[in-house]
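Undergrad: Need coordinates for the below:
(chains A, B, C and D)
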Protein chains: 2
Amino acid sequence: MTPVQFFKCLSDDTRLHCVALLQKEGKLCVCELTSAMALSQPKISRHLALMRQYGLLQDSREGQWVFYQISTALPDWSKPLLENVLNAVEQSDVFKNAQQRLHHMDNRPEKVLCD
Amino acid sequence: MTPVQFFKCLSDDTRLHCVALLQKEGKLCVCELTSAMALSQPKISRHLALMRQYGLLQDSREGQWVFYQISTALPDWSKPLLENVLNAVEQSDVFKNAQQRLHHMDNRPEKVLCD
DNA sequence: TCATAATATATGATTATCCGTATATTAATA
DNA sequence: TATTAATATACGGATAATCATATATTATGA
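TA: Take a look at the predicted model:
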């Protein structure tokens, strides 16, 4: 991942808020992000795929769910930047509403915590 | 400036390296940035105008030169992010070459340092 | 006032991005 | 095996970004 690719990931509202949610929640499946953001599944899925291709996110399938998280193998220069991303958006209504919807979801999939 | 606008500024090679140069050098005129980046003057000028409109940069005319610098009135959330931008690019050849060309320029304009 | 240097902007073409919709794929379950 | 849920991808259209080129603007100095 180049610095420009890193910043491209964050230069779109949908992607930025997904990253912030993943930063805060650790690991979310596509349907959780879709509900939280109140956007269509293909839209979320396309944005997640882009960030996976750039190397910002990694995915792991658990049964019928695919969980996304911030990559565990990020370049060093990106880590301090990423730590300040959540801070930049957590006050916004869009982010707070997304968090609300996430925590009010019913049927959230169980996470396997041991990996 | 919204977070997305902030990241948009940094999601293009030309803009990212201009920001990094301004971070390192403090204040540069358009012709210095044009020489440093080895790109056309209108191209540099357009990118600088975009970042000025978003509020990331501010300009100040000194005679025939227009100097750009990182805005002195940035939102709080952007400051720690900006501090790590230079770190992300300073190792790259593009950035090192730009610095080389900047310091090897002849006829660099004098800066008024008292403002 | 004329010429020049520095900078900004306009124009049109090309390319990239983003989205809705439809459909394909994968896994679970009846 | 048929169905359903979750996810990914393909397609086409709309919008936005980017660029090279040409030209306008502003300031300086002869």
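Undergrad: Please name the nearest non-neighbouring residue to A:E90.
TA: For A:E90, ignoring the flanking residues on the chain, the nearest one in space by CB to CB, 6 or more residues apart in numbering or on different chains is A:A20 at 6.8 Å. For glycine as for every other residue, the C-beta is placed from the backbone atoms N, C-alpha and C.
Undergrad: Can you spell out which helices and strands pack onto the host helix or strand of that neighbour?
TA: A:A20 belongs to helix A:13-25 when elements are defined using DSSP states H and E. Packing partners of helix A:13-25 (3 or more CB pairs under 8 Å, 6 or more residues apart in numbering or on different chains; DSSP states H and E): helix A:3-10, helix A:30-37, helix A:41-54, strand A:65-70, helix A:85-89, helix A:93-103, helix B:3-10.
Undergrad: re the thing from before, and the residue nearest to A:E90, how many neighbours does it have?
TA: 23 (other CB atoms under 10 Å in any protein chain shown).
Undergrad: For DNA strand D, see how far away the residue of chain A found nearest DNA strand C is.
TA: Using CB to the nearest atom of the strand, A:G63 is the residue of chain A that sits closest to DNA strand C, at 3.1 Å. From A:G63 over to DNA strand D the distance is 8 Å, taken as CB to the nearest atom of the strand, to the nearest Å.
Undergrad: surely A:T14 meets A:L48?
TA: No - contact status for A:T14 versus A:L48: not in contact, 9.5 Å apart, counting by CB atoms under 8 Å.
Undergrad: the more surrounded of these two?
TA: Using other CB under 10 Å as the criterion, A:T14 and A:L48 rank with A:L48 on top: 24 against 17.
Undergrad: need the contact list for A:S78.
TA: A:1, A:3, A:6, A:56, B:88 (CB atoms under 8 Å, 6 or more residues apart in numbering or on different chains).
Undergrad: Hmm, I typed the wrong one, I wanted A:Q41.
TA: Here A:Q41 is in contact with A:30-31, A:34 (CB under 8 Å, 6+ apart).
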